[in-house]
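**Q** the sequence and its predicted three-dimensional model are supplied below.
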Amino acid sequence: MSLPSRRITRIAGTLQSVYAFFTQSTWARRREDSNICDFTVGNPHEMPLEAFSAALGRWSVPQNDQWYAYQDNAPAARAVVAASLREQRGLPFEDDDIFLTNGAFAGIAAVLGLVTDPGDEVIFLSPPWFFYEALITAAGGVPVRVRVDQATFDLDLDAIAAAITNRTRAIIVNSPNNPTGRIYPPATLAALSQLLTEASTRNGRAIYLLSDEAYCHILYDGNAFNSPSAYYPNTFVIYTYGKTLLTPGQRMGYIALPPNMPERESIRSGLFVAQLMTGYAFPNALLQHALPDLEKLSIDIPHLQRKRDTMVAALREMGYSVHVPEGTFYLLPRSPLADDLAFIELLAMHDVFCLPGTVVEMPGYFRISLTASDEMITRALPGFAAALREANSR
C-alpha cells in the first residue's frame, strides 16, 4: 500500500506554499536562533501573562477524583462563556449553545464536518487564514475562493453573490481579518445577511456562515467589533483564546450558536458528534477548569496599538507602503519587489524574518506580526531600511 492517501494528497495540494515556507525557507532553518528578529507568526516573544500562569497553577490542584477524567463540554465552563457572550453581544446565548473546542482550528473543522456533505461548496474569502481551503477539502467540500475588494479589503458582495450556486452550503468570514486587519462594518454584514437569506430560500436549504472571530478582542482606535451572528441567524460563532491571551499552544476555544438559529436542537446533538469525530475536539480538563479565570484576561491591547503605530510610522518614513489595520496583530505592507518571496529572503540577510504574502494569497505583500517584543522591533528597524534600499537599487 502506498502512502499518503489520495485524500491527504489533495489536501496537501492546498498547502504547498505554506508547507514550503514552514519547512524549507531560511526562517525554517533559523527560527531557533536567538539573534533573529522574528515577525513571522503570532507567537509570543515575551513571557506569558502572570495571571495566566497563576490560573493554571491554581486550577491544576485536583478538587476530586474526576478532576482529570474525560472532559467534553464542562457545564461550569459553558456557563462562563454564555454569560460573557450575553454581556458582550446583548444576545441571550444559552449555556447549551456553547461547545468547547481545542482552539478555533478544531471549531472550524467540527462545523464543516457537521454541515458539509461530499460535493457541497464552501466559499472562503481571500486573502485567507492558511488552512481554510484544506479544512474544506478534508470535510469533503469543494472550496470556492472569492477575493475581497483589493482597494478597501472589505467584502466584495457582488463577487460573493456570483460565487453562490445551488450547491453552496457555507461561507467562512473572518473579522477582524487575518491578514488585512479589516473589521467588516454593520452595513456590509447586513447586506451579506440579506444576500445569504435570499440564496438559501432560492436553494431550498440554509447556507451557513462560519464566523471566525479569533481576533474579535484585538481592536484599535476605539473600533467596535461587529459579529455576523447579530445579522444572520444561521451563523456559527467560532472563537479561540489563543490570540487574546497570546498562548497559541494552549488550545482552547468554542463554537457558539446564536439564540435565533433555526433547528438548534438537532444542531446541538450533531455538533457533539462532530466534535467526537474530529479527534475528540474538546479542550483539556485543566483549561476548562481554569476558564472562569482565563475569560477575564487579555494581553495589553494598548501596548499592541503602540507597537502598530511605531511600526507603521517607521516603515512609512523609510518609504514602505503600508495601511493601518483596524484589528488583529498583523501589518500587511507592500513588498518593494514584485517577488515577495525574494524580498523576504532579502530581509533575512539582515536577520529580519516576516511572512511572504504569497503564503496568504497576497503576492506582492508581506506580513509582520506585532507579537514581536519592543526590543526586537527596535533592533529590526535598521534591517527593514537596509533591505528596502537594496530592493530599490535592483
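**A** In hand now; what should we look at? Please read these numbers as outputs of a predicted model, since none were measured by experiment. Numbering: from 1, shown residues only.
**Q** next, the buried residues of the helix or strand of the chain with the lowest mean pLDDT.
**A** Sorted by mean pLDDT, DSSP states H and E, the helices and strands of the chain end with helix 6-13, the least confident at a mean of 87. Using 16 or more other C-beta atoms under 10 Å as the test for burial, helix 6-13 gives residue 11. Glycine gets a C-beta too; all of them are placed from N, C-alpha and C.
**Q** what's the answer for stretch 244-264, then?
**A** For stretch 244-264, burial by neighbour count (16+ other C-beta under 10 Å) applies to 244-248, 250-259, 261, 264.
**Q** likewise stretch 302-322?
**A** For stretch 302-322, a neighbour-count test (16+ other C-beta under 10 Å) marks 304-305, 307-308, 311-312, 314-315, 318, 320, 322 as buried.
**Q** which residues sit against that stretch?
**A** Contact partners of stretch 302-322, identified using C-beta atoms under 8 Å, 6 or more residues apart in numbering, comprise 218, 220-221, 324-325, 329, 331-334, 336, 368, 370, 372, 374, 377, 381, 384-385, 388, 392.
**Q** then it to PDB, C-alphas only?
**A** This file holds the C-alpha atoms of stretch 302-322, laid out as PDB (Å, rounded to 0.1, in the frame of the first residue of the first chain):
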ATOM      1  CA  PRO A 302      -2.900  49.500  24.100                       C
ATOM      2  CA  HIS A 303       0.600  48.200  24.000                       C
ATOM      3  CA  LEU A 304      -0.100  46.400  20.800                       C
ATOM      4  CA  GLN A 305      -1.500  49.500  19.300                       C
ATOM      5  CA  ARG A 306       1.600  51.400  20.300                       C
ATOM      6  CA  LYS A 307       3.700  48.800  18.500                       C
ATOM      7  CA  ARG A 308       1.400  49.100  15.500                       C
ATOM      8  CA  ASP A 309       1.800  52.900  15.400                       C
ATOM      9  CA  THR A 310       5.600  52.700  15.900                       C
ATOM     10  CA  MET A 311       6.000  50.200  13.100                       C
ATOM     11  CA  VAL A 312       3.600  51.900  10.600                       C
ATOM     12  CA  ALA A 313       5.300  55.300  11.200                       C
ATOM     13  CA  ALA A 314       8.800  53.900  10.900                       C
ATOM     14  CA  LEU A 315       8.000  51.900   7.800                       C
ATOM     15  CA  ARG A 316       6.300  54.700   6.000                       C
ATOM     16  CA  GLU A 317       9.200  57.100   6.800                       C
ATOM     17  CA  MET A 318      11.500  54.600   5.200                       C
ATOM     18  CA  GLY A 319       9.300  54.500   2.100                       C
ATOM     19  CA  TYR A 320       7.200  51.400   2.500                       C
ATOM     20  CA  SER A 321       3.500  51.400   1.600                       C
ATOM     21  CA  VAL A 322       1.500  50.100   4.500                       C
END
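**Q** give me the mean pLDDT for it.
**A** On average, the pLDDT along stretch 302-322 is 98.
**Q** could you do stretch 177-192 as well?
**A** Regarding stretch 177-192, the rounded mean pLDDT is 98.
**Q** centre of the chain to it, how far?
**A** What separates the centre of stretch 177-192 from the centre of its chain is 14 Å, taken as C-alpha atoms, centre = their mean, to the nearest Å.
**Q** could you do stretch 46-53 as well?
**A** Taking mean C-alpha positions (C-alpha atoms, centre = their mean), stretch 46-53 and its chain are 22 Å apart.
**Q** now do it: distance from first to last residue.
**A** The stretch stretch 46-53 measures 13 Å between its terminal residues, going by C-alpha to C-alpha, to the nearest Å.
**Q** buried set for it?
**A** In stretch 46-53, counting by 16+ other C-beta under 10 Å, buried: 49, 52.
**Q** what sits up against it?
**A** Residues lying outside stretch 46-53 but in contact with it, judged by C-beta under 8 Å, 6+ apart, are 245-247, 293-294, 297, 299, 373.
**Q** in helices, which of those appear?
**A** With DSSP state H as the criterion, helices contain 293-294 from among the contacts of stretch 46-53.
**Q** ok, so of the contacts of stretch 46-53, who is nearest residue 106?
**A** Minimum separation from residue 106 among the contacts of stretch 46-53 (C-beta to C-beta) is found for residue 247, which lies at 15.7 Å.
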